[in-house]
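Colleague: Turn this into a model:
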Amino acid sequence: MHVDQWLALPPLAVYVVVGVVVGVESLGVPLPGEIVLVGAALLSSRPEMAISPVWVALAALVGAVVGDSIGYGLGHRYGRRLLDLLSRRFPRHFGPTHLALAERAFARWGMLTVVVGRFIAILRIFAGPLAGVLRMPYRRFLAANVLGGLLWTVGTVTAVYFLGIVAEQWLKRFSYVGLAVALVLGLVVGRVVRRRLVAALSDDGDPSPTGRPTIGEASAEGGS
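Modeller: Below is the predicted model:
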């Protein structure tokens, strides 16, 4: 959405958009949940918008927990068939490389993957369905899901909110420039952290951290 479209939305609509987009992304559909959350947090730093940063964070948290839980349920019920369907529908986001990366994360970090995955686009989309496919106990998944959601939503909204206020104070005559600068800085920091985490999961070309075929590879072999 463009800035002028955001500005035309009433506060309640902003909360709904944030919750729905983050929820659908968490379910396993590649949507720009992080960008929507950052955009809403920036708007909440502008007093004339009457948008509450608390409600923005709460809407994103509810969307994240509910979306991940639905994704977990679908993965638990349909297993590898769900991953096959997602790889056909969204090959750019659910290709073998992405799936192998997600599996490495689960193999190395276990339940912590759900927490850390909130800050990495690939894992944010994969975490729920893949945790279900791998039969992670739901209670453990839910605890990690809520913790990761809290850290991501509250941390992101708080950081962006105060960054927006600072940018507004320094660039009062160019408020939109301030918003743009704050948005770019937030995205750059997020990408740097994400790249470092992804690099930490690199395994010198070994597709599986255990030497066994990944879920995607096993599924392909089963279909051949």
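Colleague: what's the longest helix along the chain packed up against?
Modeller: The residue-count maximum for a helix in the chain (DSSP state H) belongs to helix 138-170. The elements that helix 138-170 packs onto, with contact taken as 3 or more CB pairs under 8 Å, 6 or more residues apart in numbering; DSSP states H and E, are helix 33-44, helix 53-78, helix 112-116, helix 121-133, helix 175-201. Placement of C-beta: from N, CA and C, glycine included.
Colleague: quick one: which of those helices has the weakest pLDDT on average?
Modeller: For the helices and strands packed on helix 138-170, mean pLDDT drops lowest on helix 175-201, to a mean of 61.
Colleague: May I have the secondary structure class of the closest residue to residue 130 other than its chain neighbours?
Modeller: Among residues not flanking residue 130 along the chain, residue 102 sits closest, at 5.3 Å (CB to CB, 6 or more residues apart in numbering). The three-state label given to residue 102 by DSSP: H, G, I helix; E, B strand; the rest coil is helix.
Colleague: since we're on residue 102, how many residues are nearby?
Modeller: 28 (other CB atoms under 10 Å).
Colleague: Is it correct that it is in contact with residue 123?
Modeller: Yes. Between residue 102 and residue 123 there is a contact under CB atoms under 8 Å: 5.9 Å.
Colleague: how close does the residue nearest to residue 130 sit to residue 40?
Modeller: Per CB to CB, to the nearest Å, residue 102 is found 27 Å from residue 40.
Colleague: just checking, residue 67 touches residue 20?
Modeller: No. Between residue 67 and residue 20 no contact is recorded; they are 9.1 Å apart, counting by CB under 8 Å.
Colleague: Compare the two (neighbour count), which wins?
Modeller: Per other CB under 10 Å, whichever of residue 67 and residue 20 has more neighbours is residue 67, with 28 against 16.
Colleague: Find the residue closest to that one in space, skipping its chain neighbours.
Modeller: residue 26 (3.0 Å).
Colleague: cool, residue 112 as well?
Modeller: For residue 112, the spatially nearest residue (CB to CB, 6+ apart) is residue 144, at 7.1 Å.
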